[in-house]
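**Q** Quick one, structure for this:
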Amino acid sequence: MKTPITKQSIREHWNYSWWKYALLIILALVGWNLVYTVTAYRPPAEKKVDMYVLGVGDEEKLDSYMEQVRLTAMDDMEEMNSIFMAYDETYTTMQIMVYLAAGEGDLYMLNKEMFQSYSSEGAFLPLEEIPGLTDMLTEAGVKLDKGWRTNSDTGEKHLYGIPMASFPGLAEYLYTYEESYLSIAALNGNDENCVKFLNIFLQDMLKAPEAAEEAPAE
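**A** Model prediction:
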């Protein structure tokens with residue numbers, strides 16, 4: 001004989017089995033997210049430029065700048081984004097190491113300590129090989145000596161990063177940048193477009209942010 005369905009039986013069933021429904025909902029959400037992540041379109045490496053920034057700043061504003069560059073000067077790209085990373089003495093070091101080893105991220109703006117560590121391991125491209133770059137920066141008064149590092153494996157010395165202290169335009173996007181170095185990841189898979197964006201970005205950041213309009217005299 002079947003047990004009749006009553007309000008009391010439903011209440012008791014819910015009291016003992018609510019977790020099963022909660023679990024089903026969670027599994028459904030996780031499954032949907034997994035399907036979306038796996039099937040979502042992702043641009044190939046040669047059609048995107050990602051810049052990883054260690055520090056605190058206005059990610060939305062920097063993304064807007066990069067999108068403007070894409071539309072006006074690099075319209076063959078499908079995506080150009082910035083990814084800000086908060087500094088943590090232990091976690092961030094491992095995180096960046098994994099990113100670089102996996103070829104994730106194209107340009108990296110790191111603090112002095114991390115730049116020196118990763119550049120000595122050959123994680124970045126030699127920037128002095130980019131035609132006209134060092135001449136342009138030297139003429140602009142940018143001091144590059146701190147960006148030269150020795151590769152511990154080869155013993156060769158290269159310009160692995162651009163010291164950003166001389167780029168006042170960065171103040172519009174980063175709260176502090178004076179101790180930062182900008183590099184191109186060796187495993188980016190998109191050398192040509194990374195170099196193109198680097199040139200555009202550096203030239204733009206050499207310009208100081210537009211001064212705020214003066215308040216009218218009373």
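**Q** which residue is nearest the centroid of this structure?
**A** Taking C-alpha atoms, centre = their mean, the centroid of the chain lies closest to residue 52, which sits 2.0 Å from it.
**Q** Quickly note the distance from it to residue 129.
**A** Note on residue 52: its distance to residue 129, by C-beta to C-beta, to the nearest Å, is 22 Å. Yep, even glycine has a C-beta here, placed from its N, CA and C like the rest.
**Q** Residue 142 touches residue 163, doesn't it?
**A** Yes - counting by C-beta atoms under 8 Å, residue 142 does reach residue 163; the two are 7.3 Å apart.
**Q** Neighbours of residue 205, how many?
**A** The tally of other residues near residue 205 (other C-beta atoms under 10 Å) stands at 22.
**Q** typo on my end, it should be residue 178
**A** Number of residues near residue 178 (other C-beta under 10 Å) recorded here: 13.
**Q** is it true that it touches residue 164?
**A** Yes - counting by C-beta under 8 Å, residue 178 does reach residue 164; the two are 7.3 Å apart.
**Q** And the contacts of stretch 74-82?
**A** 43, 47-53, 59, 62-63, 66-67, 69-70, 193, 196-197, 200 (C-beta atoms under 8 Å, 6 or more residues apart in numbering).
**Q** can you give me the offset of stretch 168-175 from its chain's centre?
**A** In terms of C-alpha atoms, centre = their mean, to the nearest Å, the centre of stretch 168-175 is set 16 Å apart from its chain centre.
**Q** So the residue nearest to the centre of the chain: helix, strand or coil?
**A** strand (DSSP: H, G, I helix; E, B strand; the rest coil).
**Q** do you know how far residue 193 is from residue 70?
**A** Taking C-beta to C-beta, one finds residue 193 at 10 Å from residue 70.
**Q** I meant to write residue 137 there.
**A** Residue 137 is 23 Å from residue 70, by C-beta to C-beta.
**Q** Please say which of these two ends up with more neighbours.
**A** Counted by other C-beta under 10 Å, residue 137 and residue 70 do not tie: residue 137 has more neighbours, with 22 against 19.
**Q** nearest spatial neighbour of that one, skipping sequence neighbours?
**A** Spatially, and ignoring its direct neighbours in sequence, residue 137 is nearest to residue 144 (6.2 Å; C-beta to C-beta, 6 or more residues apart in numbering).
**Q** How many neighbouring residues does that neighbour have?
**A** Using other C-beta under 10 Å, residue 144 is surrounded by 17 other residues.
**Q** and what of the one 10 residues further on?
**A** As a burial measure, residue 154 scores 9 neighbours (other C-beta under 10 Å).
**Q** low-confidence ranges in the protein?
**A** 1-41, 210-218 (pLDDT under 70).
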